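Sequence and predicted structure below; questions after.
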Amino acid sequence: MPARNVKGNVQAQDKILYVANKLGLSSLKYMQATTRVIYDQSVTAATQHTLFEGAAGRSFPLTNLGANGNQFQVDEALLVEKIAFFIPDADDDGQNFIQSSNRSYKFDLIIGNKTVIKDVVVEEGGQQAFYTDGNASSRVIDLEGVGILIPPQVEFKVVVKPLVTNSRSQSSQSVGCYLFGTGVLLNFNTSI
């Protein structure tokens, strides 16, 4: 399907097709996308964290990004549909999550040198549908139907500030973040 010039009602998946068409990949509409989840965490308590930046220097289970760090390979893209936050424990092993109380998160999502989400607050007691580990539920923002595309070979990061929910004052704590959505391989092989 050729890229459309739509002035309204752009569907989230159209963003993936648009990028694919700009790269000369017209066969993407015949390929199967996948659900993809990427995450990163900082187990050190602080009032501000920059997640995903420098992820190549961390290993699993602290992050699942691997050697490419905070940019996808030449043939990968991610349409972010949900952003979730959690509190990792302080054991520096990335294996456990702790129960939080009265915490919210103010964050920016930066792709390349553009801030695509700015000063959004995810409240405690939000959807809690994305991840639950016993009583330690995450805080989730749902971008489904809109989506934000992270294209190939462009660095991305999330700058997050933990807050005390009731007073909105800064909180020094560890933070983790998930980006969940539709992942595609922009593969120029036209066979299925």
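Cool, got the structure. Numbers count the residues shown, from 1 in each chain.

isn't residue 151 right up against residue 75?
No. The pair residue 151 and residue 75 fails to qualify as a contact (CB atoms under 8 Å) at a distance of 11.0 Å. In this view, the C-beta of every residue, glycine as well, is placed from N, C-alpha and C.

the more surrounded of these two?
Neighbour count, other CB atoms under 10 Å: between residue 151 and residue 75, residue 151 has more, with 19 against 15.

Could you check the pLDDT of that one?
Residue 151 carries a pLDDT score of 86 in this model.

State the distance from it to residue 78.
Per CB to CB, to the nearest Å, residue 151 is found 9 Å from residue 78.

Please name every helix or strand in contact with the strand or helix carrying residue 176.
Per DSSP states H and E: residue 176 is located in strand 173-185. Helices and strands touching strand 173-185, as assessed by 3 or more CB pairs under 8 Å, 6 or more residues apart in numbering; DSSP states H and E, comprise helix 12-22, strand 34-46, strand 49-51, strand 76-86, strand 103-111, strand 156-164.

Most tightly packed of these?
Stretch with highest mean neighbour count among these: strand 76-86 (a mean of 23; mean count of other CB atoms under 10 Å).

For it, which strands pair with it and how are they oriented?
Strand 76-86 sits in its sheet next to strand 139-142 (antiparallel), strand 148-150 (antiparallel), strand 173-185 (antiparallel), going by DSSP bridges.
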